[in-house]
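*Asks:* I need the structure of the sequence given here:
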Amino acid sequence: MAFDSNDILLAGAARADITPPVNCLLGGFAGRDHGCEGMHDPLSVTALALSRHGRKGVILGIDLLGLTDGQMDEIWKRSGQRFGLEPGQLFVNCSHTHAGPLMSPHFNSGFCTGEKVCLPDTAYVERFIETTVGAIGRALDSLQPACASWGIGKTYIGINRRAQDVSLYSKEATGYENFPNPGKETDRSCPVIMVNDRDGRPIALVFGASCHPTTMRFDNYLISAEFPGVTRRILEEGLDGALSIFLQGTAGDVKPRQVADGNIFRSGTYNDIEVVGKELADDVKTTIKDGLKPLDVDMGFSLRRFQLPFDDTWNAATYRRFIVENEAEYRRVWAEHWLKKIQQGVPVPKSMDLALSIFEVAPDLRFLGIAGELLTDMGRKIRQQFSRGTTLAFGYTNGDIGYIPDADVLREGGYEATETVFYMGDMPAPWHEDMERVILDGFVELKKNISGNR
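*Replies:* As a prediction, this is how the structure comes out:
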C-alpha cells in the first residue's frame with residue numbers, strides 16, 4: 001500500500017510580540033482617565049498550526065481585550081490571500097486582558113466624554129494585523145510530523161461576579177461595580193492539549209480557563225498580559241523552548257477569586273496576578289500529571305455571522321427620558337448620542353452581527369467560538385446542544401461585540417444585560433431576548449455544515 005503523507009498529523013507553532021507603544025490608550029475599563037504609563041510585561045500572539053487529511057487549521061491566542069469585525073475581516077483576507085485559508089480555519093481567541101491597547105472606539109469613558117470618542121492607534125492596529133498574519137505563516141512553515149494528546153481538568157481561579165445588588169441593578173444605576181457571588185455557577189473546565197514531535201519533544205501546549213483577566217482594576221496603567229501571561233511563563237519553563245497558548249472561555253461573569261474580599265472585589269496587585277497565574281499553571285500541570293489521552297486530530301470547520309436583534313422597545317422617547325429624568329451622567333451622554341443620530345436622520349440599527357464558529361479538532365473534541373463576552377449560563381446552554389464528545393465554549397473568538405447573556409439575564413437586567421450598553425456607541429439598546437434563540441439556532445446550522453466539510 002502506498003504511503004499517504006496526508007494521514008500524518010503535522011504541527012507547527014510560532015509567537016510574535018504585539019506590545020503597543022507605552023503612550024497608548026488602554027482598553028477595558030471605563031474608569032480610566034488618562035493613557036498608559038508604561039509596560040509591566042509584553043503582549044504576544046501565539047499560533048499553533050495543524051494539518052491532517054489535507055485540511056489545515058490554526059489556533060491563535062492573543063493578549064488583547066478583543067478584536068473588531070473589521071480587524072477580523074482583514075486577518076481573514078490576508079490569511080486567505082497568502083495561505084489559502086478560509087475564515088473558519090482560524091480560531092482567533094483573545095485573552096481579554098484589560099491591560100492592553102485600545103482596539104475599538106472607546107465611548108463614554110473617563111477620558112472620552114461627550115462628543116469625544118477615543119479611537120485606536122491605526123498604525124498599531126496595522127502592525128498587529130500584519131504581525132498576526134506573519135505568525136500564522138511561520139507556524140504553517142514550521143509544520144512537522146507530530147502527535148497530540150488531551151485532557152480536561154478543573155480550575156478554581158475564578159468566582160462568579162454577577163450578584164443582585166440594589167445599587168447596581170436598580171433603575172437608578174447608582175454604580176457599575178460587580179460583586180462576588182460564590183453560590184453562582186462558573187465553568188471550571190481546564191482543557192489541555194499537548195502536541196509533541198515524533199521524538200516526544202513538545203511543540204506546543206494549549207490550555208484554557210474561564211476567568212476575566214481583571215485581577216487589577218482601572219487604577220492600573222501598565223501594559224500587561226495579566227495572569228494568562230504568568231501561567232504561560234511558568235508552563236514554558238518546563239517545555240524545553242516550546243510555546244503555550246491560553247484560550248479564554250466563558251468569562252463574561254467571572255473574575256479572579258484572589259481579589260474577592262467579602263462582598264466586594266478589591267483592586268489587585270501584580271503579586272496577586274502571580275498568585276492567580278501560578279494557581280492556573282498548577283491546575284494545568286495536574287491535568288497533565290493525571291494523564292492525557294491520544295487525540296486523533298481530524299479537523300472540520302464552520303463559521304458564519306448571525307444578526308443579533310436589539311430590544312425594539314427602546315426608541316427616541318426612551319432616550320429623551322434618560323436625558324430629562326436625572327439619570328446618571330453616562331446614561332445621559334449615551335442617550336444624547338443616539339437622539340442626535342435620529343435628529344440627523346441616521347438610521348438606528350436593529351441588529352448587530354455576531355460571529356459564531358465551530359472548530360472541530362477531532363470528532364470527539366470541538367471548540368465553539370463566540371465573538372463576545374460569553375456569560376456562564378449562555379455558554380452552558382450552547383454546549384448542551386452537542387451530545388457527542390466534548391464541547392468547549394470560548395468567548396472573545398473571531399471578534400468581540402460585547403456581552404452575550406442568555407434570555408434569563410436579559411430579563412433580570414443589570415450590568416451585563418443593560419449597564420454596559422451605555423458605554424457602547426454602536427448599541428442603541430440592550431439585546432432582545434430572541435438573541436438566545438438566534439445563537440442556539442445558529443449553532444444548529446453550523447453543525448450541519450461541518451459534516452459537509454469532510
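*Asks:* residues making contact with stretch 72-81?
*Replies:* Contacts of stretch 72-81 from elsewhere in the structure, counted by Cβ atoms under 8 Å, 6 or more residues apart in numbering, are 58, 67, 85-87, 90, 92, 129-130, 132-133, 136, 355, 371, 398-399. The way it works is simple: take the backbone N, C-alpha and C, and place the C-beta from them, glycine included.
*Asks:* from these, which would you call buried?
*Replies:* By neighbour count, with 16 or more other Cβ atoms under 10 Å, the contacts of stretch 72-81 hold 58, 67, 85, 87, 90, 92, 129, 132-133, 136, 355, 371, 398-399 as buried.
*Asks:* returning to what we had before: just the ones of the contacts of stretch 72-81 in helices?
*Replies:* Cross-referencing these against helices under DSSP state H gives Ile129, Glu130, Thr132, Val133, Ile136.
*Asks:* any idea how far Gln71 is from the first one?
*Replies:* When you say that, I think you mean Ile129. 6 Å (Cβ to Cβ, to the nearest Å).
*Asks:* again, but for the third one
*Replies:* With distances defined as Cβ to Cβ, the gap from Thr132 to Gln71 amounts to 9 Å.
*Asks:* ok, back up a step: kindly reformat the buried ones among the contacts of stretch 72-81 as TSV containing pLDDT and distance to Asn315.
*Replies:* Putting the buried ones among the contacts of stretch 72-81 into TSV (pLDDT from 0 to 100; distance: Cβ to Cβ, whole Å) gives the following:
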residue	pLDDT	distance to Asn315
Val58	98	43
Leu67	98	31
Leu85	98	43
Pro87	98	35
Leu90	98	38
Val92	98	36
Ile129	98	37
Thr132	98	40
Val133	98	42
Ile136	98	44
Ala355	98	28
Ala371	98	27
Asn398	98	32
Gly399	98	27
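*Asks:* Looking at the residues you listed, which is nearest Lys184?
*Replies:* Sorting those by distance to Lys184 puts Ala371 at the head of the list, at 24.2 Å, by Cβ to Cβ.
*Asks:* backbone phi and psi for the closest one, please?
*Replies:* Backbone torsions of Ala371, given as degrees, to the nearest 10, read phi -80, psi 60.
*Asks:* can you tell me which of the contacts of stretch 72-81 lies nearest to Asn271?
*Replies:* Asn271 lies nearest to Leu67 out of those, by Cβ to Cβ, at 30.1 Å.
*Asks:* which stretches of the stretch 251-400 of the chain form helices?
*Replies:* Per DSSP state H, counting those that start in this stretch, the stretch 251-400 of the chain carries helices over the ranges 270-289, 316-324, 329-343, 376-383.
*Asks:* Going by secondary structure, Arg138 is in what exactly?
*Replies:* For Arg138, the enclosing helix or strand under DSSP states H and E is helix 122-141.
*Asks:* tell me what that helix is packed against?
*Replies:* For helix 122-141, the helices and strands in contact under the criterion 3 or more Cβ pairs under 8 Å, 6 or more residues apart in numbering; DSSP states H and E are strand 10-17, strand 44-52, strand 55-62, helix 69-83.
*Asks:* what about 6 Å?
*Replies:* When contacts are defined as 3 or more Cβ pairs under 6 Å, 6 or more residues apart in numbering; DSSP states H and E, helix 122-141 sits against strand 10-17, strand 44-52, helix 69-83.
*Asks:* Of all the ones you listed, which one comes closest to Ile203?
*Replies:* Across the helices and strands packed on helix 122-141, Ile203 has its closest neighbour in strand 10-17 (5.1 Å, Cβ to Cβ).
*Asks:* any weak-confidence spans in the stretch 151-300 of the chain?
*Replies:* Scanning the stretch 151-300 of the chain for pLDDT under 70 picks out the ranges 165-177.
*Asks:* what separates stretch 107-126 from the chain centre, distance-wise?
*Replies:* Offset of stretch 107-126 from its chain centre (Cα atoms, centre = their mean, to the nearest Å): 20 Å.
*Asks:* mind listing what's buried in that stretch?
*Replies:* Neighbour counts using 16+ other Cβ under 10 Å place Phe107, Asn108, Ser109, Cys112, Cys118, Pro120, Asp121, Tyr124, Val125 of stretch 107-126 among the buried residues.
*Asks:* what's near enough to touch Arg437?
*Replies:* When the contact criterion is Cβ atoms under 6 Å, 6 or more residues apart in numbering, Arg437 has no partners at all.
*Asks:* Surely it is in a strand?
*Replies:* No - with DSSP: H, G, I helix; E, B strand; the rest coil as the criterion, Arg437 is located in helix rather than a strand.
*Asks:* that older thread, point out the most buried one among the helices and strands packed on helix 122-141.
*Replies:* Burial of those is given as mean neighbour count (mean count of other Cβ atoms under 10 Å); strand 44-52 ranks first at a mean of 24.
*Asks:* quick one: strands adjacent to it?
*Replies:* Note on strand 44-52: by DSSP bridges, its sheet partners are strand 10-17 (antiparallel), strand 55-62 (antiparallel).
*Asks:* before we move on, the earlier item: okay, the helices and strands packed on helix 122-141 in a markdown table with mean pLDDT next?
*Replies:* Formatted as a markdown table, the entries for the helices and strands packed on helix 122-141 read as follows, by pLDDT from 0 to 100:
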| stretch | mean pLDDT |
| --- | --- |
| strand 10-17 | 98 |
| strand 44-52 | 98 |
| helix 69-83 | 98 |
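*Asks:* Ile62 is nearest to which of the ones you listed?
*Replies:* For these, distance to Ile62 was read as Cβ to Cβ. The smallest value, 4.8 Å, belongs to strand 44-52.
*Asks:* relative orientation of that closest one and helix 122-141 in degrees?
*Replies:* Between the axes of strand 44-52 and helix 122-141, defined by axes from the mean of the first three to the mean of the last three Cα atoms, to 10 degrees, the angle is 30 degrees.
*Asks:* List the contacts of strand 44-52.
*Replies:* If you take Cβ under 6 Å, 6+ apart as the criterion, strand 44-52 is touched by 9-18, 57-63, 132, 135-136, 139-140, 143, 204, 243, 245, 297.
*Asks:* hang on, the earlier thing: among the buried residues of stretch 107-126, which one sits closest to Phe359?
*Replies:* Closest approach to Phe359 among the buried residues of stretch 107-126 (Cβ to Cβ): Val125, at 24.5 Å.
*Asks:* Report pLDDT for that closest one.
*Replies:* We have a pLDDT of 98 for Val125.
*Asks:* I'd like to know how far the closest residue to it other than its chain neighbours sits from Ala355.
*Replies:* Taking Cβ to Cβ, 6 or more residues apart in numbering, and ignoring the residues beside it in sequence, Val125 has Gln71 as its nearest neighbour in space, at 6.5 Å. According to Cβ to Cβ, Gln71 and Ala355 sit 12 Å apart.
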